[in-house]
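[1] return a 3D structure for these sequence lines:
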Amino acid sequence: MKHHEDEFEFDYWASLANGDPEAFEQARREVLASLIESAPDTSRRRLTGLQWQVDRVREQADTPLGACLRISGMMWDKVLGEDGLVERMEELTGERPPRERPLRSAEVLPLRGPERRG
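    Numbers count the residues shown, from 1 in each chain. I've put the predicted structure just below:
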């Protein structure tokens, strides 16, 4: 397989998926890991978490189409949903006033170890 960053070779991947699903999954995981690793340090943790979410959706779906629909819904939520891309772009262009976002806080609870008997 030729490996160009800007080229997706559908026939290769389709043939691999049909002929050897285990090899397809291994190659898929390797390509994704490589892409995440090549991302800037500031994005890697977020991309790793997103890939983890996608993998869980794929595992839980009854069919590949079901997984595709759920993953597509996740994407659209990030584009059109609350605090999504469209909302943020409208704030930047002045089409929408910036939304007040409350500061988040939490109480940190101390963890106690097991009582020692002695």
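[2] and the residue nearest the centre of the chain, what does it touch?
    Among the residues of the chain, the one closest to the centroid is residue 50, at 2.0 Å (CA atoms, centre = their mean). If a contact means CB atoms under 8 Å, 6 or more residues apart in numbering, then residue 50 has no contacts. The C-beta positions use only the backbone N, C-alpha and C, and glycine is treated the same way.
[3] ok, it to residue 114 distance?
    Applying CB to CB, to the nearest Å, the value for residue 50 to residue 114 is 37 Å.
[4] kindly report the same for residue 9.
    56 Å.
[5] how many neighbours does residue 101 have?
    Neighbours of residue 101 under the rule other CB atoms under 10 Å: 7.
[6] list the contacts of stretch 71-91.
    By CB under 8 Å, 6+ apart, stretch 71-91 touches 53, 54, 57, 58, 96, 97, 98, 99, 101.
[7] what comes up buried for the least confident helix or strand in the chain by mean pLDDT?
    Lowest mean confidence among the helices and strands of the chain (mean pLDDT, DSSP states H and E): helix 85-93, at a mean of 92. Using 16 or more other CB atoms under 10 Å as the test for burial, helix 85-93 gives residue 87.
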